[in-house]
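Novice: quick one: sequence and predicted model below, then my questions.
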Amino acid sequence: MEQTALLDVQKLALKKLKLFRTSPLRFLSRSMLASMFIGFGVIVAFKTGNYFYLEHSPFAYPMAAFTFGAAIVLIVYGGGDLFTGNTFYFTFAALRGKVLWKDVLKIWALSYGGNIIGAICFSIFIYATGLFKDPSVNSFLLKVVEKKIHAPISELFFRGILCNWLVCQAFFIPMNLKGDSAKLITMILFVFCFFISGYEHSIANMCTFAIAIVSSTAGTYSISEILHNLIPVTIGNIIGGTILMGFMYYYVNKSFLEE
């Protein structure tokens, strides 16, 4: 059963809370690291997928989805702090009375802000490398961005819910497993599922948009177009993490955890 893993979730939330109270700047820095790690995943995914995209291969998206799994490995083992995961961890801990809701909101705000800053910083690094100056390298990335900024708000909202439900499972289920190999395979598989399904992850989108903006052929994206995506996706991510993960696991395991 998942009760042991849920207690690990609670311990992780309390550990994060301690860091937040001791040094908000360090907590912010970890949040920046998380989106930078996702930035690495975005780069390798779209660089890999682009080779297949240029050949009109149906493997463009599957290959991008598979290689994007590098991002979650970096976050879990590299020490990043991701807003979307925190929606699950801190909801569960707060429902059990271990964390105050006011602290939960502060932590969410700081981690989200740190993720934004990290995405911007990473895009500056990418701009300096010149890796996306060639339009032939941009094509797959820019096609995906165009779809993201023009999708209907209601669809983005529900894609956001399903995304964070699945992504939180990618962090949670490996807690039930022993051995790094099993954990790595499970995490990468779940991230592949979220990516290939077309769900929307707010922090991954931040990194994707930031990289697209600094690309030489992508100077036409407005703040309103980006917010058209990020606002409903972020709200959906919060619902997926809080209700479908935090509340649901608290509710179905309440009697077991109180024994």
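Specialist: Perfect, I can see it now.

Novice: contacting residues around stretch 148-165?
Specialist: Under the criterion CB atoms under 8 Å, 6 or more residues apart in numbering, residues 84, 87-88, 194, 197-202, 205, 208-209, 221, 225-226, 228-229, 232-241, 244-245 lie in contact with stretch 148-165. C-betas here are computed from N, CA, C, even on glycine.

Novice: could you point out where the stretch 101-250 of the chain is predicted with low confidence?
Specialist: The stretch 101-250 of the chain contains residues with pLDDT under 70 at 216-219.

Novice: from the contact counts, what lies against the lengthiest helix in the chain?
Specialist: In the chain, taking DSSP state H as the definition, the longest helix is helix 24-54. Packing partners of helix 24-54 (3 or more CB pairs under 8 Å, 6 or more residues apart in numbering; DSSP states H and E): helix 3-22, helix 60-67, helix 70-78, helix 101-129, helix 135-150, helix 202-214.

Novice: so which of those gets nearest Phe40?
Specialist: helix 70-78 (6.2 Å; CB to CB).

Novice: what mean pLDDT does that closest one have?
Specialist: Mean pLDDT, helix 70-78: 93.

Novice: quick one, it and helix 24-54 angle?
Specialist: 150 degrees (axes from the mean of the first three to the mean of the last three CA atoms, to 10 degrees).

Novice: from the contact counts, what lies against the helix or strand following helix 70-78?
Specialist: Next helix or strand after helix 70-78 toward the C-terminus (DSSP states H and E): helix 83-95. Contact analysis of helix 83-95 by 3+ CB pairs under 8 Å, 6+ apart lists helix 3-22, helix 101-129, helix 153-172, helix 202-214, helix 223-241, helix 248-257 as its packing neighbours.
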